[in-house]
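Peer 1: dropping the sequence and predicted coords here.
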Amino acid sequence: MSLCLARRFAPGSFLFNWLLCTVTSSSRSIINKNLYFKNKNSYDLWMELYQIRHFVAVVEAGSFTKGAELAAVSQPALSASIGRLEAELKVKLLERQRTKVTPTMSGYKLLTAATEILRDCSSLKRELKRISSPRILRIGVLRTIASQKIATFLRYYREVDRDVAVELIDGTREELQKSLSSRQVEIIITCIDNKPSKFSSQIMFSEKYCLVAPVDHPLARRESVKLEQLHDQPFIVRTSCELFADTTKRLMGLALMPSQVVNDRIRKIAIADLSIERAIGVRWSPKRSNGDLSEFLVFAAAFDWSRVSAD
């Protein structure tokens, strides 16, 4: 089953109404396209897509010989195709001169419509190919990055490149590194350090750590604290813990978290005499770069992360 994009000629004119219809084709290519119209004698005529291509090829080449080469058919087959087209339309489309072939007035009108039809046909074919064989970019995401940051980032990316489907997996830094090495993902968004690596990396943003406490903790009312004020306070050591908010609230303890985390059940407090931050970026294998990955890297490098806060 293939799609056929048809145009209807109004009687006596070259004004068109677009029709999108489905046709069965066993011997034609994926896209088959016809020009449909009624002539003055009120019977229906069809122009096959290959006839349109042959006509455009002859006009562009300026001769039947070169047109046949351009259309990848024999010259007799091309001449017969154009002859049938003119016979069906009952109009002369080409002026056959000794040194060149030029369109008649009717031929110029057909050329304008035919060029647009072939362009639309190619566009439709690309769209059908995109639907049947979507391009997929597999991305690993560090589990401790705030989900709203990643969601906003990917939403803007999808607005730029709608032709690429994104598959996400999350994990710890070690799990993501293994996924990248085993080619389960093309790229990972993770914590970037200065250790030597066979993978390429690109920092996107940095985030400072702060103290987090339950909203009813005595320190929650402070804008900042010093380390000495945390002496003997219950402290939660997070080991890739994704339930930090629940554990912090229930255990009445303190914890260190990236400052950009958002949760209405905790309060973020600056530590005046401690400065820790992590760099978040992308990591990928330069040996496995492709067009989609390259475009993603360009977008990631140019992305304004202040948009995330605004959202």
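Peer 2: Cool, the structure landed.

Peer 1: name the residues of stretch 77-92 that are buried.
Peer 2: By 16 or more other CB atoms under 10 Å, the buried positions in stretch 77-92 come out as 78-79, 81-82, 85-86, 89. No exception for glycine: its C-beta is placed from N, CA and C like everyone else's.

Peer 1: what about the nearest residue to Lys208 once chain neighbours are set aside, neighbour count?
Peer 2: Leaving aside its chain neighbours, Lys208 sits nearest to Glu277 (4.4 Å; criterion: CB to CB, 6 or more residues apart in numbering). By other CB atoms under 10 Å, the residues close to Glu277 number 11.

Peer 1: among the buried residues of stretch 77-92, which one has the lowest pLDDT?
Peer 2: In terms of pLDDT, Leu89 ranks lowest among these, with 89.

Peer 1: thinking again about what came up before, how about the buried residues of stretch 77-92 in TSV, adding secondary structure?
Peer 2: Shown next, in TSV, are these (DSSP: H, G, I helix; E, B strand; the rest coil):
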residue	secondary structure
Leu78	helix
Ser79	helix
Ser81	helix
Ile82	helix
Leu85	helix
Glu86	helix
Leu89	helix
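
Peer 1: of these, closest to Gly291?
Peer 2: Closest approach to Gly291 among these (CB to CB): Leu78, at 36.1 Å.

Peer 1: what's that closest one in contact with, if anything?
Peer 2: Shown in contact with Leu78 (CB atoms under 8 Å, 6 or more residues apart in numbering): 54, 57-58, 64, 67-68, 71.

Peer 1: could I get the full set of helices for the stretch 101-250 of the chain?
Peer 2: Secondary structure of the stretch 101-250 of the chain (DSSP state H, counting those that start in this stretch): helices located at 105-132, 147-160, 173-181, 244-251.

Peer 1: which one of those lies nearest to Lys198?
Peer 2: Set against Lys198 and scored by CB to CB, these come closest in helix 173-181, at 8.7 Å.

Peer 1: tell me what the closest one is packed against?
Peer 2: With contacts taken as 3 or more CB pairs under 8 Å, 6 or more residues apart in numbering; DSSP states H and E, helix 173-181 sits against strand 135-142, strand 187-192, strand 277-284.

Peer 1: which of the ones you listed is buried the deepest?
Peer 2: Of all the helices and strands packed on helix 173-181, strand 187-192 carries the top mean neighbour count, a mean of 23, counting by mean count of other CB atoms under 10 Å.

Peer 1: neighbouring strands - and their directions - for that strand?
Peer 2: strand 135-142 (parallel), strand 277-284 (antiparallel) (DSSP bridges).

Peer 1: re earlier: now distance to Arg162 too, for the helices and strands packed on helix 173-181, in a markdown table please.
Peer 2: Conversion of the helices and strands packed on helix 173-181 to a markdown table gives the following (distance: least, CB to CB, whole Å):
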| stretch | distance to Arg162 |
| --- | --- |
| strand 135-142 | 11 |
| strand 187-192 | 19 |
| strand 277-284 | 21 |
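
Peer 1: including distance to Phe296 and mean pLDDT, could those go into CSV?
Peer 2: Compiled in CSV, those are given as follows (distance: least, CB to CB, whole Å; pLDDT from 0 to 100):
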stretch, distance to Phe296, mean pLDDT
strand 135-142, 6, 92
strand 187-192, 7, 94
strand 277-284, 8, 91
